[in-house]
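Novice: Pasting a predicted model and its sequence here:
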Amino acid sequence: MYKDIYLTNNHNSSFPSVVESLLQEVDDIFLREPPKGLLPIRGIKHHIDFFLGAVIPIRLAYKIVPEEVKEIQRQVEELMQKGFMRENLNPCRVHVILVPKKDGTWRMCMDYSVINKDTRVSVDEEKVKEIRDWPTPTNANEELYALVSALQTWQHYLWSMEFIIHSDNLSLKFLKSQGKLNKRHGKWLEYDEMFPYVIKYKNGKENIVADVLSRRVVHTSTSFSSFETVYGFDPLSPLDVLLFPTNDSLNLDGKQKVAFDPGGWVRVHLRKERFPNQSSKLHPRGDGPFQVIERINDNAYKIDLPSSYGHVSATFNVTDLSLFDTDDLQDSRTNPLGEGGNDVNLGTTINKRDHLRDYLQGMKGPMTRNKTKHMEQSLEGLIKEVQEKDYVDLSPIPTGYGKGHVPLDNFGALRQVAVYNTNHVLYIPNYLLHSISQTLKEQNHLRGLKKMFSLKDLVESNCMRSVPSNYIFLKNPEDALLLETENIPIIDYSQLTSSNPNERFKAIQQLGDACRDWGFFMLINHGVSETLRDELVREGQRFFDLSEKEKKEYAGEKILDPVRCGTSFNVMVEKTLFWRDYLKCHVHPHFNAPSKPPGFSEILKEYSAKGRELTGELLKGISQSLGLEENYIHKRMNMDSGFQVLVINFYPPCPKPELVMGLPAHTDHGLLTLLMQNEFGGLQIELNGKWIPVHPLPNSFLVNTGDHLEILTNGKYKSVVHRAVVNKKGARISVGIANGPPLDTIVGPAPELYDEVTPPAYRAITYRDYLQLQQSNELDRNSCLDRIRI
Ligand SMILES: O=C(O)CCC(=O)C(=O)O
Ligand SMILES: [Fe+2]
C-alpha cells in the first residue's frame, strides 16, 4: 500500500518520519511506472480444474447504458495499451460489470461466477460472514436504514431496472404513509424514492415461503441474483432484491426468450395448413400487428385475430409469433418524430415535444438502440417542459399499468413513466435522472414559496392543456372497476312530515333503512324553492368570480375562523392538491358570511335556516327509527344552538379530469350533511367497497349521515364515505351544509344504544376537538372516527 501511495505521489506528509525515510532509502527499487505487459512465463504455472463434464461458458453480450459502454471501452483500451490485457482467443466469454467506487469512478468486474461454479474455487466463508450475519431489522427505522444501505450498495444494478423488494415488515409501509417524517427518514425516503421499485409486503404463513424465496432470489434469466453475479454468493440481506421480470427478447444467458405481454403487439406467421385462404397475404415477417389477448402458457398465446381471418382458433404457438417492433415503422413514412429520425434536435418547441411524448407513448416491443436514443430525447423534452412550465403534461401515460397515474414529484416516478410506457426495462442514464431530480427539487421549492390560494384563478390565468404535477392524484387502480350505478334510496320529506301516521311510519322506516344500509339518500318534496337553490348557486359563482385580492380578505388563518376561503382541503399539510376551491361559513348559532358580492349574505342566511329546518325533521325521524323519542337527538345534541357550517365547493373545469381529484374519499363531520349541486355531477359514494356515482333527482337534496351520527348511534348508522370528481365541461359547484351539535358538546354513544352485549364503540370527544382533528390533517378516507374508535 505504501508503495502505491508513494508512487502516486499523493502520500501524506504526516507519515511517520521513519516510514518516510525508509521509503526514500529504498526508492531505487521502485519503478516509476508499473511494467508494461503481463508477467513473463515462469516455471511454476497455476491452473484451476473444471469439474468433469463442465461446459465452457460462452455468454452473449447484454445491453447496458451507453455511458457504461464508453467506460468499459475506456478501461479495456487502457489495460490493452498497458499490456495488462490481451485479446482472448478461446471461446470462453463472461460478462463485465461496472461497480461504482466511493470516489465516483467505476471498477470493472468480471463475472466469473459462471466459471467458478464449475470449478473447485469457492467463497471464503470468513469473508462473507458479516453479510451472512446481517441482522434482521426489527423496526421501521432499521428496516428503512437497511433498505437505503442495500440500495446504495447495489445502486449500480438497480438504476437500470425495475425490481421488487420483498419485505416482511409492515413498518416500512407505515413509515412511508406518514405525513411528517423526521429529517433523517425524509432524506432516506427521498433516496429510496429514486429507484423504480415495488415493495411487496407479506405476512403470516405465506411469508414463510416468501421469505425463503426472497432470500435466494435469482435473476429471472441468468439464474443468479445481481449480487451473486458479481460477488459469487448471495447475500442474506434483510431486504432482498429481485429483478422485475421483463420481456426483453434476449436473456443475459444468450438464449432467445420468447414472452409476450397481454396487450402487446405481435406479428403472426399464418401457416398455410391452418390458413389456406390467407396465404396470399403472407408477409415475410408475418401478418399483423395483432394484439396479444392472453398468455395461455409459455408456448401458447391467444391473439386478437380479426374475424376476416375466419372462425379459427386464435391461439398460436410462440414459434409462429414475433414481437412487433415500432422500429418497423421507422422505415416507412410514419416516423413518429415527424422528421429525419436520428438527427432529431432535442425537443425545443412545444410542438416537437408533443411528438416526442407521443413517441414515448407509442413505444412498444423490445428496446433497441434507436428507441433508447429517442427515449432519451423524449425525456429531455419532458425535463425542459418541467423547467419552463412548472408542470408536466402527463396525458400520454397509459393507465392500466396497475398504479394509475404517477405524480412527477420524484424522479423515480418519471423513470417509472418511461418504464411503464415501454413495458420494458429502460435504461435512463444517471445524468438524466440527476437533472430531473434537480429540476423537480427546485420546482418543489418554488411551489413551497407560493402557497396556492385559488385554483380558479390559476386555471383562468394559464391556458392549461394539462394539470400541474402537484395535482396528480394517485387513484386506487381498482377504482375504475368498482364504479357502479345503483338505486340510491329516496326519502319523501312530505311523507316524513305527513299528518297521516301510516305514511309517516313508513317514511321513518325507509329513513332508518337508508341510514343503516347506505348512510345516504335523496330527499325529495322538501319544500325548499328551486329559486332559492338557484340563487345560491349563482351567488356562489359570483363569489368565486371576485378577484383573488377580494377573496383573500376571507382567507382566514385558523381552522375554525368563521369565514374561510381557500383551495384544496388543507394546503398546509397536503402534498397533492385537490381540484377544488371552497368557501366555508359558520352560519349557526352565529351567522357569518362574506359581505361580497352584494346580496349573497341574505341568500346564505335564508338557505341555512331552511337547511336547519329540514335537518330538524330528519333528526326526529331518525330518532324514532332508532326506537327513541322523536326529540331525542334534538335535545341530547342541543340542536337549538347547533353548529352549522355551509360550504360552497367550486371545482373549475379540468383539462384532464381523470388525473385529479376534486375531493378525495372522506366522511363528513356532524350529524347530517345536506348537499346540492349545479348541473355538473361528480359526487360518488362508497358502498360495500364500490364507488357509486350519484345522479340526483331534479331539485332533490343529497343527504349523508356524518361521523357524529355514527358516534351517537354507536355505529348503528355509519357515516358514508364519499368523494367528488371533476369534469372538463364546466365549473362544478356544490353547496353542503354540515349540521352538528354546539361546538362544546361532548359527543359519545347514546346510553340507550349500547349495553353489555354491544358496549360503546367510540370515545366521547367534544365536537370542537373533533373538528380540529379532522380539519388540521389531510382529508382521509379513514376519518378521524378511527382515532376515537374503542
Ligand atoms: O362536492 C361534492 O359533491 C361533495 C362535497 C363534500 O363532500 C364536502 O364538502 O364535504
Ligand atoms: Fe363531504
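Specialist: Sure thing, it's come through. Residues are numbered from 1 along each chain as shown. Ligands and ions are numbered 1, 2, ... in the order given.

Novice: Please count neighbours and contacts with C-alpha atoms only from this point.
Specialist: Noted.

Novice: Local confidence estimate at the residue of the stretch 651-790 of the chain found nearest ligand 1?
Specialist: Nearest residue of the stretch 651-790 of the chain to ligand 1, counting by Cα to the nearest ligand atom: residue 683, 4.2 Å away. According to the prediction, residue 683 has pLDDT 95.

Novice: quick one, phi/psi of it?
Specialist: Per-residue torsions, residue 683: phi -80, psi 140 (degrees, to the nearest 10).

Novice: What about residue 544, how many residues nearby?
Specialist: 22 (other Cα atoms under 10 Å).

Novice: Residues contacting the strand or helix carrying it, please?
Specialist: Following DSSP states H and E, one finds residue 544 within helix 530-545. With Cα atoms under 8 Å, 6 or more residues apart in numbering as the test, helix 530-545 has contacts from 456, 551, 596-597, 600, 603-604, 607, 648, 650, 677-678, 699, 733-735.

Novice: which pair in the residues you listed spans the largest distance?
Specialist: Largest separation among the contacts of helix 530-545 by Cα to Cα: 551 and 699, giving 29.3 Å.

Novice: could you list every residue that touches the residue of the stretch 651-790 of the chain closest to ligand 1?
Specialist: Residue 683 neighbours (Cα under 8 Å, 6+ apart): 693-694, 722-725.

Novice: ok, and the most crowded of the residues you listed?
Specialist: That'd be residue 724 among the contacts of residue 683, by other Cα under 10 Å, with 24 neighbours.

Novice: isn't it right next to residue 666, touching?
Specialist: No: using Cα atoms under 8 Å, residue 724 is not in contact with residue 666; the gap is 9.7 Å.

Novice: quick revisit: hey, what's the residue of the stretch 651-790 of the chain closest to ligand 1 bridged with?
Specialist: Beta-bridge pairing of residue 683 under DSSP bridges involves residue 724.

Novice: and if you look at residue 294?
Specialist: residue 302.

Novice: surely it meets residue 314?
Specialist: No: using Cα under 8 Å, residue 294 makes no contact with residue 314, being 10.3 Å away.

Novice: mind listing the helices for the stretch 651-790 of the chain?
Specialist: 707-712, 767-775, 785-788 (DSSP state H, counting those that start in this stretch).

Novice: again but with the stretch 501-650 of the chain, I slipped
Specialist: 501-517, 530-545, 548-552, 600-625, 632-636.

Novice: lowest-confidence stretch among those helices?
Specialist: Across the helices of the stretch 501-650 of the chain, the lowest-scoring stretch is helix 548-552, with a mean of 90.

Novice: Now do the same contact list for residue 287.
Specialist: 267-270, 281.

Novice: rerun that using 7 Å as the cut-off
Specialist: If you count contacts by Cα atoms under 7 Å, 6 or more residues apart in numbering, residue 287 has them with 267-269.

Novice: Please name the bridge partners of it.
Specialist: Bridge pairing for residue 287 - DSSP bridges - gives residue 268.

Novice: now it: how far from residue 320?
Specialist: Separation of residue 287 from residue 320 (Cα to Cα, to the nearest Å): 10 Å.

Novice: cool, and residue 650?
Specialist: Going from residue 650 to residue 320 by Cα to Cα gives 56 Å.
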